[in-house]
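> Here is the input, now give the coordinates:
(chains A and B)
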Number of protein chains: 2
Amino acid sequence: MKKKEYNLPSCPIPVSDYPYVMLAHGSGGTLMNQLIDKMFRKVFKNEHLDQSHDGAVSELPGNKIAMTTDSYVVDPIFFPGGDIGSLSIQGTVNDLAMCGARPLFLTVGFILEEGLSMDVLWRVVNSMQKAAEESNVQIVSGDTKVVDKGKADGIFINTSGVGIVEHDQNISPASIEDGDCIILSGDIARHGMAIMATREGLTFENVIESDCASLSSLVLQLLDSKVTIHCMRDLTRGGLGTALVEIAKTSKFKMEITENEIPVREDVRAACEVLGIDPLYVANEGRFVCFVPECEAIKVLDLLKSNNLSKDASIIGHVSKSDKAMVVANSQIGTKRIIHMLSSSQLPRIC
Amino acid sequence: MKKKEYNLPSCPIPVSDYPYVMLAHGSGGTLMNQLIDKMFRKVFKNEHLDQSHDGAVSELPGNKIAMTTDSYVVDPIFFPGGDIGSLSIQGTVNDLAMCGARPLFLTVGFILEEGLSMDVLWRVVNSMQKAAEESNVQIVSGDTKVVDKGKADGIFINTSGVGIVEHDQNISPASIEDGDCIILSGDIARHGMAIMATREGLTFENVIESDCASLSSLVLQLLDSKVTIHCMRDLTRGGLGTALVEIAKTSKFKMEITENEIPVREDVRAACEVLGIDPLYVANEGRFVCFVPECEAIKVLDLLKSNNLSKDASIIGHVSKSDKAMVVANSQIGTKRIIHMLSSSQLPRIC
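Numbering: from 1, shown residues only, chains lettered A, B, ... in the order given. Presented below is the predicted three-dimensional model:
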C-alpha cells in the first residue's frame, strides 16, 4: 500500500489559550463545540458528519451489514509503527474485514483525561483520519467525554464500524469444514513486542515496529477473486494461539499446526526469549488466519503472497474431525503439544 | 411504559473466585472468555451475538440507516431513577430516535478498571439488557478492555447504534423553517440534579429522580401518525439552552422561547436555586424538543400529551428569520435575555 505523506498543520485550537484538555471540553458547552468544530469536524470532514446532528443518516449500498466495536486503551499512546489513533481505525476496519465485509462507516467515541495535551490529541486525530483514508472509511458520528484528572489514562478511543457484505459466503467459525487448510498471513508477535519494548524501555539492535495495518483492501482482493473462504480471524489480544483455540471451540474441530511454518522475525523471537514470552500468544494488529478448503489453499496462498501486506503467508496447518475440539502444535523436534488459551494477563493494554 | 420487574439472578462468575475484575479479564485469554460467555453472552443473548465472531452480520429491513455513538462516564454509577447501564442504552437509542430512525442494533464497548466489583458489573449488565428489551434493540457485538487500577473510574461504557429510517422526512437542523413551533416534551433539569444531589450527598424533601427513559416508542408513534417533523433533539449535556443555541447556529434561525412555558418541578427548581444553577443548562436524559410547522403544532402536542412520557409537553416558542442566529428567552416579568451556550463546566460527568 502506498502511504501518503502528511504534513501535519498546526493545532487549530490556540495552544496558548488551551494547552490542555479541560473538563469543560466535555460538558456540552462552548469549549466542547469549539473542540468539535475546529478539530474533529475539520479533520474528519465528510458529508455525513456535516449533518451536525445526534447521529448520521446515510444510504447503504445493500442491506446485509456487518457491525463491530472496539475500545482502544493502548499504553503507550505512540509506539514504533503506529499510535492509538491509527490503531483505533485499523483494528475496527480489520474486524469488519474478518466478517467478509467492505468497511464503510465508523463512529468515534473519545474519553479524554483532564490535562491531556491538546497537541497530543491533535496528532492522534490526524493519525485517525490518515488511517481512515487509507482504509476507505468515513468517520460519520462522534462523541467526546472528559473525565477528571486521575480517572482515565490520557486518552481512550472507541470506534464502532458498519460494513456491507457484498457476496453470499458465510464467513464465520460455523462454516469451517473437515480438511480445511489454515493459512497465516505473515510473521507474528511484532505488535505486542513493539508495545512491550517501548513501555519497558527495552532496546534491541533493531527497533521492533508494530505490524499494525488495515487489512480491508487485502481481504476485498481475496473476496473479489471468488475464492471460497470459510473463516477469517485477526490475531489481536491473545495472539495466534488463543485465536485458534477460540475458533476450535466454536467450530468444534481439531486444529493441527506446524510451528516450523509460523514465521517469527529473528529479533522478535530473541526479544520474546529474553522476556520469557511465547510468540504464539503475542498480539498482532495486521495479521490474520483464514480457513479455506484444501483445493483452494494454493490459490489463496498465491493471492496473499502477491500482496506486500501478506508476502510471507504460509499454510500452517489443517482442520480435522475429532472427539475433542483442540489445537495441537507439532514442534521442530517432532513432539506435539496442546495449545491452550492464554490463561493469565501476559501483556495488558496492547490495544 | 409498563416496566417489567426483574429478579436478578446471582452472578454466574463465582464471586468467591473472582470478586473483582482483574487485568486478565481483558487480556484475550481464558478469564476474558469466561467473562464474555458466562456474563455478557448469557445476559445479552441473541442470534447476532451468538455468531461468536469479530463482528455481527445482519440483514437490515431497508438501507437508509442512522448511526450514532456515545460513551458513558457518569459518576456515580447508580443514581435515583437509573444507572450507567440503563443510561448507556437509553442515551444511544434516543440519539437514533432523534434522527427519526427505528433503533435496531447496538454494540457495547466496556472499559473496566482493575478492581471493579464483579457484582457491580453484573448489576450494570442486567440493567443494560432490561433497557435494551424495553427499547426493542439487540446488543449484537461487544468489546471488553481492562485498565490498571487508578487508570479509569470503575466502569466506562460506549454504545454505538444502528437504526433504520422508514420514512421520507429529513429530520435535521437543516430542515427547520421560518415560523416552526418549538415543542418541549416535558419538565427539565431532573437528570442533572439527580446526579448532582447524589454525588454531593445533598438531601431534599423528595428524592429527585432522573428523567432518563427511552424515547424511541414515543418518537415512532409520532412518525407513524404521519405528522411533519422538521427536527428533534434530546436535551442531554448542556440542557435545553445549549441544544437550542446549537440548533439556531446550525439552522441559522432566531428562536424565541417563553420561560413561563418551560416546566420545571418545584423541588428541582429549589435545588437549582440552592446550587446557583440555571435549569436551562441542566442535562436531561428523557426529554427532547421538536420543531414542527405551526399548522401541525397542536396535533403534535396532543399526541405527545397522550403518552405518559411526555404528558407535560408544551409549545415553548417559535422560529423566525433574523440577521443573527440566536436564542432569546422572554422572562416572567416581560424582559428578554439572550441565551448563550454553556461556557464552563457546570456539571461534569452527568452522562
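> Relative to the longest strand seen in chain A, what are the paired strands and their orientations?
In chain A, with assignment by DSSP state E, the single longest strand is strand A:102-113. Within its sheet, strand A:102-113 is paired with strand A:138-147 (parallel), strand A:155-164 (antiparallel), according to DSSP bridges.
> Distance check, residue A:246 against residue B:320.
Counting by C-beta to C-beta, to the nearest Å, the gap from residue A:246 to residue B:320 is 60 Å. In this view, the C-beta of every residue, glycine as well, is placed from N, C-alpha and C.
> what secondary structure does residue A:150 sit in?
The three-state label given to residue A:150 by DSSP: H, G, I helix; E, B strand; the rest coil is coil.
> Just the buried positions in stretch A:303-315, please.
Judged by neighbour count using 16 or more other C-beta atoms under 10 Å in any protein chain shown, the buried positions of stretch A:303-315 are A:303, A:304, A:307, A:309, A:310, A:313, A:314, A:315.
> Let's see which of those residues end up in strands.
Per DSSP E, the subset of the buried residues of stretch A:303-315 in strands is A:314, A:315.
> So which residues on the stretch 201-350 of chain A come close to chain B?
By C-beta under 8 Å from any C-beta of the partner chain, the part of the stretch 201-350 of chain A that sits against chain B consists of A:233-234, A:236-239, A:242, A:246, A:250, A:281, A:283, A:340-349.
> Got a quick PyMOL command for the buried subset of those residues?
To isolate the buried ones among those in PyMOL, judged by 16+ other C-beta under 10 Å, type:
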select buried, chain A and resi 233+234+236+237+238+239+242+246+250+281+283+341+342+345+346+347+348+349
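> Sort out which of the residues of the stretch 201-350 of chain A next to chain B are in helices and list them.
Taking DSSP state H, the ones among these that sit in helices are A:239, A:242, A:246, A:250.
> As TSV, those with pLDDT would be great.
Shown next, in TSV, are these (pLDDT from 0 to 100):
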residue	pLDDT
A:239	95
A:242	94
A:246	94
A:250	93
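> of the residues you listed, closest to residue A:164?
Distance ranking of those against residue A:164, using C-beta to C-beta, places residue A:250 first at 24.2 Å.
> before we move on, the earlier item: which of the strands paired with strand A:102-113 is buried the deepest?
Mean neighbours per residue, mean count of other C-beta atoms under 10 Å in any protein chain shown, is largest over those for strand A:155-164, with a mean of 28.
> How far off centre is that one?
11 Å (C-alpha atoms, centre = their mean, to the nearest Å).
> What distance do you get for the closest residue to residue A:60 other than its chain neighbours to residue A:162?
Distance criterion C-beta to C-beta, 6 or more residues apart in numbering or on different chains; nearest residue to residue A:60, sequence neighbours excluded, is residue B:63 at 4.2 Å. Distance, residue B:63 to residue A:162, by C-beta to C-beta: 11 Å.
> Just give me the residues shared between the contact sets of those two.
residue A:60 (C-beta atoms under 8 Å, 6 or more residues apart in numbering or on different chains).
> quick one, the helix or strand in which residue A:126 is found and strand A:138-147 angle?
Assigned by DSSP states H and E, residue A:126 belongs to helix A:118-134. Here helix A:118-134 runs at an angle of 160 degrees relative to strand A:138-147 (axes from the mean of the first three to the mean of the last three C-alpha atoms, to 10 degrees).
> buried residues in helix A:118-134?
Neighbour-count burial for helix A:118-134 [16+ other C-beta under 10 Å]: A:118, A:120-132, A:134.
> who are the neighbours of it, in terms of helices and strands?
With contacts taken as 3 or more C-beta pairs under 8 Å, 6 or more residues apart in numbering or on different chains; DSSP states H and E, helix A:118-134 sits against helix A:41-44, strand A:82-83, helix A:84-98, strand A:102-113, strand A:138-147, strand A:155-164.
> at 10 Å what do you get?
Judged by 3 or more C-beta pairs under 10 Å, 6 or more residues apart in numbering or on different chains; DSSP states H and E, the packing partners of helix A:118-134 are helix A:30-35, helix A:41-44, strand A:78-79, strand A:82-83, helix A:84-98, strand A:102-113, strand A:138-147, strand A:155-164.
> what about the second one, near chain B?
Spelled out, it's helix A:41-44. No - Helix A:41-44 stays clear of chain B (C-beta under 10 Å from any C-beta of the partner chain), getting no nearer than 11.6 Å.
> Pull the residues that contact that helix.
The contact list for helix A:41-44 (C-beta atoms under 10 Å, 6 or more residues apart in numbering or on different chains) reads A:9, A:12, A:35-36, A:49-50, A:52, A:106, A:108, A:122, A:125-130, A:132, A:138-142.
> Dump the helix or strand that comes right after that helix to PDB, restricted to CA.
As assigned by DSSP H and E, the chain's next helix or strand after helix A:41-44 is strand A:56-59. Below are the C-alpha coordinates for strand A:56-59, written out as PDB (Å, rounded to 0.1, in the frame of the first residue of the first chain):
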ATOM      1  CA  ALA A  56     -25.700  10.400  10.800                       C
ATOM      2  CA  VAL A  57     -28.200   9.200   8.300                       C
ATOM      3  CA  SER A  58     -26.800   7.500   5.300                       C
ATOM      4  CA  GLU A  59     -27.800   5.300   2.300                       C
END
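> Can you get me the centre-to-centre distance for strand A:56-59 and its chain?
Distance of strand A:56-59 from the chain centroid (C-alpha atoms, centre = their mean) equals 25 Å.
> next one: stretch A:44-51
Per C-alpha atoms, centre = their mean, the centroid offset for stretch A:44-51 relative to its chain is 24 Å.
> repeat for stretch A:131-140
Using C-alpha atoms, centre = their mean, the offset of stretch A:131-140 from its chain centre is 14 Å.
> Excluding covalently adjacent residues, which one is nearest to residue A:195?
Excluding its sequence neighbours, the residue lying closest to residue A:195 (C-beta to C-beta, 6+ apart) is residue A:350, at 4.8 Å.
> Stretch A:78-86 near chain B at all?
No - in terms of C-beta under 10 Å from any C-beta, no part of stretch A:78-86 sits within range of chain B; the closest distance is 12.0 Å.
> buried sites along that stretch?
Per 16+ other C-beta under 10 Å, stretch A:78-86 contains these buried residues: A:79, A:80, A:81, A:82, A:83, A:84, A:85, A:86.
> Can you lay out those as TSV showing pLDDT and distance to residue B:172?
Below are those laid out as TSV (pLDDT from 0 to 100; distance: C-beta to C-beta, whole Å):
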residue	pLDDT	distance to residue B:172
A:79	97	40
A:80	97	43
A:81	96	40
A:82	97	36
A:83	98	34
A:84	98	31
A:85	98	29
A:86	98	31
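> the domain parsing of chain A - what is it?
A:57-164, A:173-338 (automatic domain parsing).
> got the strands paired with strand A:102-113 as a markdown table, with mean pLDDT columns?
Conversion of the strands paired with strand A:102-113 to a markdown table gives the following (pLDDT from 0 to 100):
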| stretch | mean pLDDT |
| --- | --- |
| strand A:138-147 | 97 |
| strand A:155-164 | 98 |
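> what ranges do the helices span in the stretch 151-300 of chain A?
With DSSP state H, counting those that start in this stretch, the ranges of helices along the stretch 151-300 of chain A come out as A:190-200, A:216-224, A:239-251, A:266-275, A:297-305.
> Using JSON lines, lay out the ones you listed together with distance to residue A:331.
Listed next are these as JSON lines, based on distance: least, C-beta to C-beta, whole Å:
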{"stretch": "helix A:190-200", "distance to residue A:331": "21"}
{"stretch": "helix A:216-224", "distance to residue A:331": "30"}
{"stretch": "helix A:239-251", "distance to residue A:331": "14"}
{"stretch": "helix A:266-275", "distance to residue A:331": "14"}
{"stretch": "helix A:297-305", "distance to residue A:331": "23"}
